[in-house]
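1. mind folding the following:
(chains A and B)
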Amino acid sequence: MPDPKLSEKRWDKAFESELFKQWQRDGIYSFDKRAQDIFSIDTPPPYASGTWHMGGAAHYSQIDMIARVMRMFGKHVLFPFGVDRNGLPIEVRTEQDNNISMHDVPREEFIAMCKKTLDRYKMEIAETAKRLGLSCNAWDVKHEVGGAYTTDDPEYRRLTQATFLELWKRGLIYEDNRPNNYCPVCRTTIADAEIEYTELPTKLNSLRFRVKESGEEIIIATTRPEMLASCQAVLFNPSDERYQHLEGKHAIIPLYDRAVPLMAHPSAKPEYGSGLVMVCSYGDYTDVLLFRELGLEEVILINPEGRMTERVGKYAGLTPVEARKAILHNLDGLGFLVKQEQLMHNTPTCWRSKNPLEIIPMPEYYLKQTEFIDDLREVAKEIRFHAPVSKNMLDAWLDAVSMDWPISRRRYYATEVPLWYCEECGKPLVPKPGKYYQPWREGPPAGSKCECGSSSFRGEERVFDTWMDSSISEVYILGKLWDEDWFGKHFPCSLRAQGKDIVRTWLYYTLLRAYQLFKKRAFDHVWISHHIIGADGRKMSKSLGNVVMPNPMLDKYGADTLRLWSCMEASFLKSDLRCSEERIAGNGKFLTKLWNTARFISSFPEPAEPAELQEADKWILAELESLKGSALSGLEEFDFFVPASGVWDFVWNKFAPHYIELVKKRAYDGDAAACWTLHECMRTVLKLMAPMTPYITDKIWLGVYSGKSIHLERFPEKDESRKDDGLLKRGVALMDFNSCVWKQKKDAGQPLNSEVSVSIPANLSVFADDLKRMHNIT
RNA sequence: GGGCCCAUGGUCUAGCCCGGUUAGGACAUCUGCUUGACGUGCAGGGGAUCUCCGGUUCGAAUCCGGAUGGGCCCACCA
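-> Predicted coordinates for the structure are as follows:
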């Protein structure tokens, strides 16, 4: 081989960190606000806790590919790196690490502890992100467009508060003391969107009640016997013949000896249990509706600590589960328990703590959302979804939203609700937006006075739901805080890239907030990725032993291999990706192949102009053109399976074994047509692969073609003149012919370079010269 | 209970929208090979009644209907 420009014999993942440093030094991904043709990408800031999982690594790699694709389509890409540091997981982690409960420690102190926890984690995430080769605009710069950000930054929080104050001004926020989902473990109200339903075993208990007027015995089935004390009615279906005579009578609650009305109501299903149902405050959401509808008096049985209140009598202080056990024991002892059936119950649980929820009334702030659902349905139609079917997930949630969004929480490490209350008349004092307020530790703005004349205020102690922060991420990254004009020009954000699991939270809330604030869609494109799961098709979990972590994979195989794997496994937009080390490793082979192909080609000079092309050259250019077409359309869809597998197929199944072998002899002779075509194919392949495998492509590019990074290049233009379907067909025959000759020599036990006597079919006569030299045909 | 998606060799998948190819590839497996770059390579082989049943059609993996089996999302069954 003549001197190759690439001296190393194979791709070495150790080049990756060098290249990353060089990119940073040259600032090739930095963001310039003055640029035209902006493409902005809003990504889920990864949660700061712990190391990155495979899902995060693959997910972010692919978002990075989108950023690189848009750059190569000529856009100036806003792609900031963010880290999420708000919310419950940090608090829970801090509580565990320090073996304390948040409420046992002064607020100030607890927040300091959270910060300490966070600082331990922060670097780890960023380091993995860098190793993956993410082309984020900046890693250290803060507080400007393109800068890295954290969601607990006072700047971010002041934006959250400013948007809250704006919505307050527009009358979209109100306070209400209504029964709501409450997580006793997190000790806070949560929104419907934060509920996860889990199938949990429970017992359906049939209890013996008596009818006060007749002394008749009736059976009532319940899964929540500990709620007996709050029972205010017993219902039967109006069509249920068995119970018509009970109308207007009363049932006596066992243990508590209290009489409650028996009534007909359609919500009681005759076929379930005994057909009689007790209504308690609050066993489930139906109870809430019934209490409201029937005007029943609410009895609070569970306190904010998740313990039974005085109203349950001797079970006070127990948790609901303990109380259930105790009360069942008592009921059984007194003969009230008739039977128990085991059943699975789709139980609402907290998505953070995974614990069953209770329904407890608590005064909370609400953001109106139900009246915006129809508008959001229209907004969603203006957005291009990748893949299009993913829009179904959003539509399904829009159909399900039934009540306004409770936005206040009773936690510490989060953005504060920026309000004070007059000590005299209780009226809220609403500060001007623009500053980060912490009402629990500071007074209202100097000189504040209530309408009633008082200047004595009490600070609000509640904080916001984390989604109040997250749902304005696109507003934050587009720099509304720092440059209102620029923001106005570049909103909506070009793209939201996120996982399918947070459609009803992050995506939905962002669209809601953007619509409320700006009457516009938040994004032009929404890209929804699926999950990374274990090789066995199940969710990765330690107990199943199917966990693969990104850092060890990066150590062993490098970022490009990992990135290529995420493209090659399947379409991330259409299905979950199964992950096994074996399959990741296999992708490294393609990098070796690509490297060697490039190294070989680099040993031939690249003519400035294509000379008179021969038929074989025209054939591979036609193949290249067809690859360009399919790959570019896949890239436009942000679906990397098509371009990656297309390039793989082109290089490994057509270009290297057939075309290169065909023109090798010509190339050695210095034929300009062959040399030019080899380089043309290689340049195109490198560019098409650059977004997916940014390291190896740049290393080759810099080594062979340019002093400047491939990541500053544009995608090759399509060239209609190279299309030739007839030639493509002939190419297939050509490849078949090659296989035939190879097989013939193999069957004859001859080496591949031996002389052979075969006749070249008429339709391949145009390739005759190349074929003769390739196969040594005499 | 409602909705959405899916079903292709041992495994993961492409093709299906716009019916007609020996159903393509990767991984695994088997055999052989220094071929002027690559043994992390090259060449070749074996392996699929395209879940099932109907229908449309000259012709169905592809279109239509149904069944079965998965997955996901939503929903107040006590």
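
2. select the longest strand from chain A.
-> With secondary structure taken from DSSP state E, chain A has its longest strand at strand A:195-211.

3. so is that one next to RNA strand B?
-> Yes - counting by CB under 7 Å from any atom of the strand, contacts between strand A:195-211 and RNA strand B involve A:195, A:197, A:204. For glycine as for every other residue, the C-beta is placed from the backbone atoms N, C-alpha and C.

4. quick one: mean pLDDT for that strand?
-> Taken as a whole, strand A:195-211 has an average pLDDT of 88.

5. and the residue in the stretch 401-550 of chain A that RNA strand B sits nearest to, which of the three is it?
-> RNA strand B sits closest to residue A:504 of the stretch 401-550 of chain A, with a gap of 5.0 Å, by CB to the nearest atom of the strand. Following DSSP: H, G, I helix; E, B strand; the rest coil, the label given to residue A:504 is helix.

6. quick check: closest non-adjacent residue to it.
-> Ranked by CB to CB, 6 or more residues apart in numbering and with sequence neighbours excluded, the top spatial neighbour of residue A:504 is residue A:397, at 3.9 Å.

7. the helix or strand where that neighbour lies and RNA strand B in contact?
-> Applying DSSP states H and E as the criterion places residue A:397 in helix A:391-400. Yes - among the residues of helix A:391-400, A:392, A:393, A:396, A:397, A:399, A:400 lie within reach of RNA strand B under CB under 7 Å from any atom of the strand.

8. show me which residues of that helix are buried.
-> A:391, A:393, A:394, A:397, A:398 (16 or more other CB atoms under 10 Å).

9. neighbouring strands for whichever helix or strand comes after it, and are they parallel or not?
-> Following helix A:391-400 in sequence order, the next helix or strand is strand A:405-406 (DSSP H and E). Take DSSP bridges as the rule and strand A:405-406 pairs in its sheet with strand A:358-367 (antiparallel).

10. for the helix or strand just after the strand it pairs with, name the packing helices and strands.
-> For strand A:358-367, the succeeding helix or strand toward the C-terminus, using DSSP H and E, is helix A:373-381. Helices and strands touching helix A:373-381, as assessed by 3 or more CB pairs under 8 Å, 6 or more residues apart in numbering; DSSP states H and E, comprise helix A:391-400, helix A:508-518.

11. what's helix A:373-381 in contact with?
-> The contact list for helix A:373-381 (CB atoms under 8 Å, 6 or more residues apart in numbering) reads A:391, A:394, A:395, A:398, A:401, A:508, A:511, A:512, A:515, A:520, A:521.

12. okay, and the beta partners of the spatially closest residue to residue A:360 that is not a sequence neighbour?
-> Spatial nearest neighbour of residue A:360, chain neighbours left out: residue A:182 (4.2 Å); criterion: CB to CB, 6+ apart. With DSSP bridges as the criterion, residue A:182 is bridged to residue A:189, residue A:358.

13. correct me, but residue A:182 touches residue A:355?
-> No - in this structure residue A:182 lies outside contact range of residue A:355 using CB atoms under 8 Å: 10.6 Å.

14. between those two, who's got more neighbours?
-> Using other CB atoms under 10 Å as the criterion, residue A:182 and residue A:355 rank with residue A:182 on top: 24 against 15.

15. give me the neighbour count for residue A:117.
-> Other residues close to residue A:117 by other CB under 10 Å number 22.

16. circling back to that earlier point, by mean pLDDT, show me the worst of the helices and strands packed on helix A:373-381.
-> Mean pLDDT values for the helices and strands packed on helix A:373-381 show the minimum at helix A:391-400, a mean of 90.

17. show me what that one packs onto, helices and strands only.
-> Applying 3+ CB pairs under 8 Å, 6+ apart, one finds that helix A:391-400 makes contact with helix A:373-381, helix A:508-518.

18. CSV please, covering those helices and showing distance to RNA strand B and mean neighbour count.
-> Formatted as CSV, the helices and strands packed on helix A:391-400 follow (distance: least, CB to the nearest atom of the strand, whole Å; neighbours: other CB atoms under 10 Å):
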stretch, distance to RNA strand B, mean neighbour count
helix A:373-381, 13, 15
helix A:508-518, 10, 22
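
19. can you redo these as a markdown table with distance to residue A:215?
-> Shown next, in a markdown table, are these (distance: least, CB to CB, whole Å):
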| stretch | distance to residue A:215 |
| --- | --- |
| helix A:373-381 | 51 |
| helix A:508-518 | 54 |
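
20. which residue is nearest the middle of chain A?
-> residue A:499 (2.5 Å; CA atoms, centre = their mean).

21. give me every residue that touches the nearest residue to that residue once chain neighbours are set aside.
-> Excluding its sequence neighbours, the residue lying closest to residue A:499 (CB to CB, 6+ apart) is residue A:529, at 5.5 Å. Counting by CB under 8 Å, 6+ apart, residue A:529 touches A:59, A:62, A:497, A:498, A:499, A:500, A:572, A:573.

22. with residue A:774 instead?
-> Neighbouring residues of residue A:774 by CB under 8 Å, 6+ apart: A:661, A:662, A:664, A:665, A:738.
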